[in-house]
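S.K.: model this:
(one chain, ligands or ions: 1)
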Amino acid sequence: MAKYLGQLLSSLKSLSSVPAIRAHVALWTGSFSSWTHTFRSIKTLPLPIFPKSWDFSQPNSSWGPEIMQMYEHYNSQCEVETEEGEKKAGPWRRLPSYNRSLKFATGGVYLSKIIQSKARLFTRNIKEPGAAFEYVLFVNEAEQRCVGIFQAGHLLEGPPGHVHGGAIATMIDTVTGTHATFLSGPVMTAYLNINYRSPIPLGSTVLIESLMDKKEGRKTFLLCNVTSTDGSKLHTETTALFVSVSVSNLIQKG
Ligand SMILES: CCCCCCCC(=O)SCCNC(=O)CCNC(=O)[C@H](O)C(C)(C)COP(=O)(O)OP(=O)(O)OC[C@H]1O[C@@H](n2cnc3c(N)ncnc32)[C@H](O)[C@@H]1OP(=O)(O)O
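M.R.: You can find the predicted model right below:
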């Protein structure tokens, strides 16, 4: 247990060196105070609340050639070589993705301990690789862009042979929500206005691109298109609003 906590804390600490990821992690830990405080909270949790951590945004055996190709396209731009042959951070950064968020790490405020111990991140809670949401997110801080590469598994069927609209909305919320968190810290989705233009074949891979539109006070407006990976087919167009929230208010609202 102590070893696991040590590993968890060091991985969170390494993520926290990236400012926007620090905000993202902090949102889901439910705490903006110091890592010491977070660690103290984590220490008080019962053992079963820690499933084995696994970064689901890494390639697995279910990934087809299309998602692999897109993954390699962006992943190869996460680290670049200078003329002197030195490696340095590139324009894109891959965002890790875990099954269990740590949003309840500060402990039992509005949900029962049983629900807390069983809560799982919706998009990562199906064990069979390739059955549902296979995706990876990359963010480009300079361009204020985020891309999600999404391979839709057979459990996401809506119209025969095609992806359910709610599953598509889930992925749009995931990409834009992560992007908004990256840009603005803790946020909640106020609206997603989605226009469905053409159906997505089940099993195919699509590109979900989120762009910063504007920020006004607590409001972050984003634009998001879902297209085929070569960009030739438009599947959805979305305008989204995220409102910055304080985590303590969120907990009280529950
Ligand atoms: C790990 C993967 C990441 C995934 C991310 C997923 C994110 C999510 O899905 S969150 C879950 C879904 N969303 C929700 O449940 C949110 C429910 N709604 C709420 O909690 C609140 O309405 C909330 C937080 C959006 C806004 O409430 P509150 O903080 O009181 O702000 P409020 O004062 O009403 O509004 C602030 C501003 O936003 C505007 N606004 C709020 N909601 C809307 C809306 N739906 N449409 C247009 N404008 C809105 C207000 O008009 C106001 O504007 P201004 O400052 O110009 O007057």
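
S.K.: Kindly indicate whether whichever residue of the stretch 101-250 of the chain sits closest to the ligand is helix, strand or coil.
M.R.: Residue of the stretch 101-250 of the chain nearest the ligand, by CB to the nearest ligand atom: Gly177 (2.5 Å). For the C-beta atoms, the positions are set from N, CA and C on the backbone; glycine is no exception. Three-state call for Gly177 (DSSP: H, G, I helix; E, B strand; the rest coil): helix.

S.K.: For the nearest residue to His235 once chain neighbours are set aside, grab the count of nearby residues.
M.R.: By the measure of CB to CB, 6 or more residues apart in numbering, the closest residue to His235 outside its immediate chain neighbours is Val226, 4.3 Å from it. With neighbours defined by other CB atoms under 10 Å, the count for Val226 comes to 26.

S.K.: Quick one: classify Val226 as helix, strand or coil.
M.R.: With three-state DSSP as the basis, the three-state label of Val226 is strand.

S.K.: Leu223 too?
M.R.: Per three-state DSSP, the local secondary structure of Leu223 is strand.

S.K.: For the remainder of this discussion, apply numbering that starts at 43.
M.R.: Sure, I'll start counting at 43 from here, so that last one is Leu265.

S.K.: residue contacts, it?
M.R.: With contact taken as CB atoms under 8 Å, 6 or more residues apart in numbering, Leu265 is in contact with 252-253, 255, 279-282.

S.K.: Please name the bridge partners of it.
M.R.: Beta-bridge pairing for Leu265 (DSSP bridges): Leu253, Thr281.

S.K.: what's the spacing between it and Met213?
M.R.: According to CB to CB, to the nearest Å, Leu265 and Met213 sit 16 Å apart.

S.K.: Name the residues of the stretch 143-292 of the chain found near the ligand, please.
M.R.: 215-216, 219-220, 230-233, 259-261, 283, 285, 287 (CB under 6 Å from any ligand atom).

S.K.: Among these, the buried ones, what's the PyMOL command?
M.R.: The following PyMOL command selects only the buried members of those, with burial defined by 16 or more other CB atoms under 10 Å:
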select buried, resi 215+216+219+220+283+285
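
S.K.: Could you single out the nearest of the residues of the stretch 143-292 of the chain next to the ligand to Glu176?
M.R.: Each of these was scored against Glu176 by CB to CB, and Thr216 proved nearest at 12.3 Å.

S.K.: Now do the strands in the stretch 143-292 of the chain.
M.R.: Remark: strands assigned in the stretch 143-292 of the chain by DSSP state E, counting those that start in this stretch are 175-182, 187-194, 229-238, 247-258, 261-270, 276-286.
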